[in-house]
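Asks: A predicted structure for the sequence below; I have some questions about it.
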Amino acid sequence: MSLGAEALAAGIAARQRSLVEGLKSWVEIPSISTEPARKADVQRSAEFLRDYALKCGMTTAEVWPTEGHPTVFAERLEDPSWPTVLVYGHHDVQPVDPIEEWEAAPFQPLERDGLLLGRGTADDKGHLLMHLETVRGILDTRGRLPINLKLIAEGEEEDGSDHFEATVRSHRERLRSDVAVISDTSMLAEDVPGLTVALRGMAYWEVRVRSSRTDLHSGVYGGAVLNPIAILADMLAGLHDARGRVQVPGFYDAVRELSAGERQELAQVPFDEGGFLSEVGAIAGGEAGYTLMERRTTRPTLEICGIWGGYQGEGAKTVIPARAAAKLSSRLVPDQGAAQITKLVGDHLRQAAPPGVEVEFELIHDGRWVETPTSHPAVDAAALAVASVWGRDPVFIREGGSIPPVATIADELQVPCVLFGVGLPGDHIHAPNERVVLRQLFRGMQALGLLWDAYSELGIDGLGVRPG
Ligand SMILES: [Zn+2]
């Protein structure tokens, strides 16, 4: 390590305790975005973060009101010719039920054995303070950052991010950046560092089938008319073949197959197939020809999420219903588009119904997939920074789920997104006894110190390669 690098590492390490103390104070504010009674607390949480950002050396920090809970924005601009990094996190937290399962009060943080317990310690307040205390550590040592830094922390990530898109749109100029670093994800284990490089998108629909004007007596009409539940069951049964392939024509047309190298990368992610299933008592299913890991992260899905129709109460009711309905969802992968898949699935279902049967197909919501290839210089630099702090190369994680605000940032700001989070699977996020492993946050600070230097060296042009 050069003398400069050593001094920087020491300067950042000197901020570990202030990170822990700051996090304790912030966690005491119960910023639960889904509970209307907590509205003032979410506001207080935003103000806490704004003040904290200024204390750490950000030169501007503002609370941006939204129609829901407020977003916090902070920035420190050093030189317009240097790259600008946008950090994303959220300052709201999940509810705490069931409260009786907590070992300590969720909003009275408890430090124990290198852990900090409390709601929001990992998801996501710890991540945000990891960023801010890194800034403070760099400034203590060098007096300036090697990049321009902007930070956006939304206040309703745990409540659907309803106003995030509008917020980003109306502040597009202020948020302009060369790369986004999203810190709201996990690694696989303390000694298995990881970077998330892909998230699936999604589309969610309701399909409604109607085959008569009214419910019918099963004695008078039974045997002589079509039954909407049987029709719907047939339509749904026809969505997949026996090998788990989706039978909707064109469904796979836009899917970008993984390269051999990418499949190999994914195979290196430690994953216990047996445990994955047995933990929840589930039975393996899905598309033949792909590993379980590939099926749940890199392949598109078409799932039936709910189904109803006819009499469901106690006892018997001799009636043939007029209607039946189901909820469906698709997890989308590059380069599938939600609008295109909605059209294909809707057309297919309509065609599968017998003549005269009314079929309604409605999109409930959708979200885009996000992928930043491992070959992108912004990801490559992050992998190097992580490797040098953790002492081994990170694995590249593909998530089966979606993080809607990440899709918003990728879409609206047209920047590559690097998902750098230091959470762990045992952090119990969204559950009782949420905690963060402090060493993960400390290592994260060191990795960020290296990463900002690496981005500085790449410069705007080096980072400017668009993903995908
Ligand atoms: Zn989160």
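Replies: Ah, there it is.
Asks: only C-alpha atoms for contact and neighbour calcs from this point on.
Replies: Noted.
Asks: residue contacts, the closest residue to the ion within the stretch 251-400 of the chain?
Replies: Nearest residue of the stretch 251-400 of the chain to the ion, counting by CA to the ion: residue 399, 14.0 Å away. Applying CA atoms under 8 Å, 6 or more residues apart in numbering to residue 399 gives the contacts 196, 198, 199, 200, 296, 297.
Asks: Pull the most distant pair out of the residues you listed.
Replies: Farthest-apart pair in the contacts of residue 399 is 196 and 296; separation 14.4 Å (CA to CA).
Asks: So for those two, which residue has more residues nearby?
Replies: residue 196 (24 against 19; other CA atoms under 10 Å).
Asks: what phi and what psi does the backbone show at the more buried one?
Replies: phi -90, psi 130 (degrees, to the nearest 10).
Asks: Residue numbering should commence at 30 henceforth.
Replies: Renumbered: residue one is now 30, and that last one reads residue 225.
Asks: My guess is it contacts residue 430. True?
Replies: No. Proximity of residue 225 to residue 430 does not meet the contact threshold set by CA atoms under 8 Å, at 11.5 Å.
Asks: For the chain, which residue gets nearest to the ion?
Replies: Closest point on the chain to the ion, by CA to the ion, is residue 152, at 4.5 Å.
Asks: Ignoring the adjacent residues along the chain, who's closest to that residue?
Replies: Of all residues not flanking residue 152 in the chain, residue 458 sits nearest, at 6.2 Å (CA to CA, 6 or more residues apart in numbering).
Asks: What pLDDT does the model give the residue of the stretch 280-429 of the chain closest to the ion?
Replies: Listed pLDDT for residue 428 reads 90.
Asks: can you check the one 5 residues further on too?
Replies: On pLDDT, residue 433 comes in at 87.
Asks: returning to that earlier point: for residue 419, state which of the contacts of residue 428 is nearest.
Replies: Closest approach to residue 419 among the contacts of residue 428 (CA to CA): residue 225, at 16.0 Å.
Asks: what's the distance between the closest one and residue 92?
Replies: Distance from residue 225 to residue 92, counting by CA to CA, to the nearest Å: 29 Å.
Asks: Over to residue 393?
Replies: With distances taken as CA to CA, residue 393 is found 31 Å from residue 92.
Asks: For the two, indicate the residue with more neighbours.
Replies: Between residue 393 and residue 92, residue 92 has the larger neighbour count (other CA under 10 Å), namely 20 against 12.
Asks: Need the three-state assignment for that one.
Replies: Secondary structure state of residue 92, per DSSP: H, G, I helix; E, B strand; the rest coil, is strand.
Asks: And the pLDDT for residue 404?
Replies: On the pLDDT scale, residue 404 is placed at 88.
Asks: need the contact list for it.
Replies: Contact analysis of residue 404 by CA under 8 Å, 6+ apart lists nothing.
Asks: likewise the one 4 residues further on?
Replies: Taking CA under 8 Å, 6+ apart as the criterion, residue 408 is in contact with 401, 402, 447.
Asks: mean confidence for the helix or strand harbouring the last one?
Replies: This points to residue 447. Taking DSSP states H and E as the criterion, residue 447 maps to strand 446-448. Strand 446-448 comes out with an average pLDDT of 96.
Asks: helices or strands next to that strand in the packing?
Replies: If you count contacts as 3 or more CA pairs under 8 Å, 6 or more residues apart in numbering; DSSP states H and E, strand 446-448 packs onto strand 208-211, strand 223-228, helix 406-419, helix 433-442.
Asks: could you dump the ones you listed to CSV with distance to residue 184?
Replies: Shown next, in CSV, are the helices and strands packed on strand 446-448 (distance: least, CA to CA, whole Å):
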stretch, distance to residue 184
strand 208-211, 15
strand 223-228, 22
helix 406-419, 27
helix 433-442, 12
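Asks: To residue 121, which of these lies closest?
Replies: Residue 121 sits nearest to helix 433-442 of all those, at 13.7 Å, using CA to CA.
Asks: So which other helices or strands are in contact with that closest one?
Replies: Other helices and strands packing on helix 433-442, by 3+ CA pairs under 8 Å, 6+ apart, are helix 193-199, helix 201-204, strand 399-400, strand 446-448.
Asks: Distance to residue 424 for those - can I get that in TSV?
Replies: Formatted as TSV, the helices and strands packed on helix 433-442 follow (distance: least, CA to CA, whole Å):
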stretch	distance to residue 424
helix 193-199	30
helix 201-204	30
strand 399-400	15
strand 446-448	13
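Asks: Which parts of the chain are helices?
Replies: 32-42, 45-56, 68-84, 155-171, 193-199, 201-204, 257-266, 289-296, 302-307, 321-326, 367-381, 406-419, 433-442, 467-492 (DSSP state H).
Asks: Next, count neighbours for residue 142.
Replies: 7.
Asks: coming back round to it: can you put the contacts of residue 428 in CSV and add pLDDT?
Replies: CSV is the format used below for the contacts of residue 428 (pLDDT from 0 to 100):
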residue, pLDDT
225, 94
227, 94
228, 94
229, 95
325, 94
326, 94
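Asks: what would the residues you listed look like in a markdown table with distance to residue 470?
Replies: What follows is these, written out as a markdown table (distance: CA to CA, whole Å):
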| residue | distance to residue 470 |
| --- | --- |
| 225 | 17 |
| 227 | 22 |
| 228 | 23 |
| 229 | 26 |
| 325 | 28 |
| 326 | 26 |
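Asks: Count residues in the vicinity of the residue nearest to residue 152, would you?
Replies: 22.
Asks: just residue 346 next, same as before
Replies: Neighbour tally, residue 346, other CA under 10 Å: 12.
Asks: Next, the contact list for the closest residue to it other than its chain neighbours, please.
Replies: Computed as CA to CA, 6+ apart, the closest residue to residue 346 that is not its neighbour in sequence is residue 340, at 6.6 Å. Residues in contact with residue 340 (CA under 8 Å, 6+ apart) are 346, 348, 350.
Asks: tally of neighbours for the last one?
Replies: Residue 350 is surrounded by 22 other residues when neighbours are defined as other CA under 10 Å.
Asks: from memory it sits against residue 339, does it?
Replies: Yes. Residue 350 is within contact range of residue 339, at 4.9 Å (criterion: CA under 8 Å).
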